[in-house]
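> model this:
(one chain, ligands or ions: 1)
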Amino acid sequence: MLRRILRDERGAVGTAARPPAGPSAGPHAAATLRRDPWAREILPILIGLGIFVIYATWRAFMNAHYYAAPYISPFYSPCLAANCAHPLATVFGPWWRLTPSLLIVWVPLGFRLSCYYARKAYYRSVLWAPPACAVRDRAAAYTGETRFPWVLQNIHRYFFWLVLPIVAIHWYDVALAFRFEDGVGLGLGSLIILADATFLSLYTFSCHACRHACGGAVNTFSRAPVRRTLWRWVSALNVHHGLWFWLALGTIVLADLYIYLLALGTFADVRLL
Ligand code: FES
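Predicted coordinates for the structure are as follows:
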């Protein structure tokens, strides 16, 4: 009998595809009926996001070792203050005493934090709201993004437009990364900066807001062939948006770390040409 009860309970908790049987079957108490290892993805995401947040905060406030000619760290580009080691333009005069990173880092930070993929990642791994599909929220009631502060996530579409000039400037940094004191060349840093700009672009142009800007509010695609073509390109990129998110995150850290170590004198840049 005991064996039968245990078998019945296992069956009841483990049948995600099967609804509870019988007229008396009401709402179940289990947090989920899923039997697959859905919690496995939480820890790696938590570690990845945690490392990035700690590293980016540490570097943004360091205000040093972010330029090693001809490379500038993506955390400090564009550098717009007079106290920059390598200013692009002096928009903020000597009165600005804080780290110049603070002037621009809020744009890519806001863009990433309000990204649809990032939201899924930290809602699941940090907030457990919900921890996975078809798994109950940690909070008793589900309010989604209908209330403050989460309703502010709608600002993402504006961050998309704000981040575009930064993407363009990162490509300008790529051009500079091939110009050495002795002329045009190629260093390991040039390739790392190139990878950073490439993945940042793939991440930005695969954004859902970009997809909407290209193909949204079009009633008849045959009358808007250019927008249709753009929408198809962005849609193809958008399929891998999560991958671009992580690659962009990884390469920005790699680029900054490489420049930091160069600036510290830990090693010299590897010249390939
Ligand atoms: Fe991820 Fe816009 S949805 S960057």
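> Where do the strands of the stretch 101-250 of the chain begin and end?
179-180, 183-184 (DSSP state E, counting those that start in this stretch).
> Of the ones you listed, which stretch is the most buried?
Each of those was scored by mean neighbour count; the highest is strand 179-180, a mean of 15, by mean count of other C-beta atoms under 10 Å. For the C-beta atoms, the positions are set from N, CA and C on the backbone; glycine is no exception.
> circling back: now distance to the ligand too, for the strands of the stretch 101-250 of the chain, in a markdown table please.
Compiled in a markdown table, the strands of the stretch 101-250 of the chain are given as follows (distance: least, C-beta to the nearest ligand atom, whole Å):
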| stretch | distance to the ligand |
| --- | --- |
| strand 179-180 | 31 |
| strand 183-184 | 33 |
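> tally of neighbours for the residue of the stretch 1-150 of the chain found nearest the ligand?
Residue of the stretch 1-150 of the chain nearest the ligand, by C-beta to the nearest ligand atom: Cys115 (3.1 Å). Neighbourhood size, Cys115 [other C-beta atoms under 10 Å]: 23.
> That one and Val167: what is the separation?
14 Å (C-beta to C-beta, to the nearest Å).
> Thr146 now?
31 Å.
> Tell me which of the two has more neighbours.
Legend: neighbour count by other C-beta under 10 Å for Thr146 and Val167, higher for Val167 (15 against 8).
> The more buried one: what's it in contact with?
197, 200-201, 204 (C-beta atoms under 8 Å, 6 or more residues apart in numbering).
> again, only using 7 Å
Residues near Val167 by C-beta atoms under 7 Å, 6 or more residues apart in numbering: 200-201, 204.
> mind checking pLDDT for the nearest residue to it once chain neighbours are set aside?
Excluding its sequence neighbours, the residue lying closest to Val167 (C-beta to C-beta, 6 or more residues apart in numbering) is Thr204, at 5.3 Å. In this model, Thr204 is scored at 98, pLDDT.
> Does Thr204 touch Leu162 like I think?
No. Counting by C-beta atoms under 7 Å, no contact exists between Thr204 and Leu162, whose distance comes to 10.9 Å.
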